[in-house]
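# Sequence plus the predicted model coming up.
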Number of protein chains: 2
Amino acid sequence: MPQIVCLDMEGVLTPEIWIAFSEATGIPELRRTTRDEPDYDKLMRMRIGVLAEHGLGLADIQRVIGQMRPLPGAKQFLDQLRADQQVIILSDTFYQFAAPLTRQLGQPTLFCNELVIGEEGRVVDYRLRVRDGKRRAVLALKDLGFRVLAAGDSYNDTTMLREADRGVLFRCPDSVSREFPQFRRTETYAELSSALLEPQ
Amino acid sequence: MPQIVCLDMEGVLTPEIWIAFSEATGIPELRRTTRDEPDYDKLMRMRIGVLAEHGLGLADIQRVIGQMRPLPGAKQFLDQLRADQQVIILSDTFYQFAAPLTRQLGQPTLFCNELVIGEEGRVVDYRLRVRDGKRRAVLALKDLGFRVLAAGDSYNDTTMLREADRGVLFRCPDSVSREFPQFRRTETYAELSSALLEPQ
């Protein structure tokens, strides 16, 4: 059966974008995540407000993100994987944020979301493609006749890992690993490759 | 709305593999296509039989296909497209055939089918992932919240083009263009890019 590998992006291939962005710009509010503010919409409204306050438009954001690098070894891992596997990156981030990073990763196919950009390149809104997009993508790929292997690093990946034929955790918090012992926990790209691809 | 471009492979990015393979090996029976033998399963059984007769295993086939090149300009077209679009190649070919060509195209994500390889690398069978795979993939992507733009060159692409939000024909036979006048007909990669991406 043909198989396809679905990878989370932030934490697996790249740093967490908002956190790195907060550090690069020195704006501490942008470090807040869904762990601090569980209401995602409220969190995004706050972020959009903060960007406006600091006069940061899309071009500024992309310039900052353009300085970021994929995680050490990520490009090589992905190149080797793509040499004989189909790969799709499933992420909750936005295309406009991801672009400077996916370019450095060799333009893998990415399913994520979109920021709405207004006059003078200001971020005015965001749009989620669908709810529970990662899990829905895995379901759709299975429905198209693929065996799906998936890897992610955090809570928001676990529905995708559960839906996949094989789910693997990569550099996850201990709490996630404890709660989901059914997913093999890996720390290096070599371990991740083996966990994804070796026959069970 | 985020969009995704679905491209047929043979005829759009690469030569027709069986035809090129027939020429490279000098085996005329392998030139037969669904136009000569409308029963796809019968056609594939014939092909697998002919490969066996000539003692051609997977390694030989991949060596021959490894000599093939994408169509002139195809890699550049695809690189430019992937610089700011998500792209998936939808093909009726087999991963084992496509691999030497997709490698030269920068490893775009490919949805296609699988040959079943037996002892000593012999081709013993084939497996279709799903029926009507191209159209089903477009439907699934729309269901995941994507606007889908699609391009292909022949009859077997028209269900995919119809399902897409925008369908474009590339270097198609006159008969296909006459029967499907709703799809813009293009001949060069520049025309294809414009037809796919320009606002209507």
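Nice, I can see it. Numbers count the residues shown, from 1 in each chain, chains lettered A, B, ... in the order given.
# Tell me the buried residues in the longest helix out of those in chain A?
Determined from DSSP state H, the single longest helix within chain A is helix A:40-53. Using 16 or more other CB atoms under 10 Å in any protein chain shown as the test for burial, helix A:40-53 gives A:43-44, A:47-48, A:50-51. Yep, even glycine has a C-beta here, placed from its N, CA and C like the rest.
# Check which helices and strands that helix is in contact with.
Counting by 3 or more CB pairs under 8 Å, 6 or more residues apart in numbering or on different chains; DSSP states H and E, the packing neighbours recorded for helix A:40-53 are strand A:123-127.
# relative to helix A:40-53, how tilted is the strand it packs on?
160 degrees (axes from the mean of the first three to the mean of the last three CA atoms, to 10 degrees).
# got the buried residues for strand A:123-127?
For strand A:123-127, by 16+ other CB under 10 Å, it's A:123, A:126.
# Which neighbouring elements make contact with it?
Under the contact rule (3+ CB pairs under 8 Å, 6+ apart), strand A:123-127 is packed against helix A:40-53, strand A:109-117.
# Could you check the angle that strand makes with strand A:109-117?
Using the same axes, to 10 degrees, strand A:123-127 lies at 140 degrees relative to strand A:109-117.
# Tell me which residues are up against strand A:123-127.
A:44, A:48, A:51-52, A:56-58, A:61, A:94, A:113-118, B:1 (CB atoms under 8 Å, 6 or more residues apart in numbering or on different chains).
# May I have that strand as PDB, with CA atoms only?
The C-alpha coordinates for strand A:123-127 follow below in PDB (Å, rounded to 0.1, in the frame of the first residue of the first chain):
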ATOM      1  CA  VAL A 123      -2.100  41.800   9.300                       C
ATOM      2  CA  VAL A 124      -5.800  42.400   9.800                       C
ATOM      3  CA  ASP A 125      -7.200  38.900  10.300                       C
ATOM      4  CA  TYR A 126      -6.600  35.200  10.000                       C
ATOM      5  CA  ARG A 127      -8.500  32.300   8.500                       C
END
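# after the longest helix of chain A, next one along is what?
helix A:58-66 (DSSP states H and E).
# could you dump the helices and strands packed on strand A:123-127 to CSV with mean pLDDT?
Below are these laid out as CSV (pLDDT from 0 to 100):
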stretch, mean pLDDT
helix A:40-53, 94
strand A:109-117, 96
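# Grab the two from the contacts of strand A:123-127 that are most spread out in space.
Spatially, the most separated pair among the contacts of strand A:123-127 is A:56 and B:1, at 24.5 Å (CB to CB).
# The two: which has the busier surroundings?
residue A:56 (20 against 9; other CB atoms under 10 Å in any protein chain shown).
# Could you verify my assumption that the more buried one touches residue A:24?
No - with contact defined as CB atoms under 8 Å, residue A:56 does not count as touching residue A:24 (10.9 Å).
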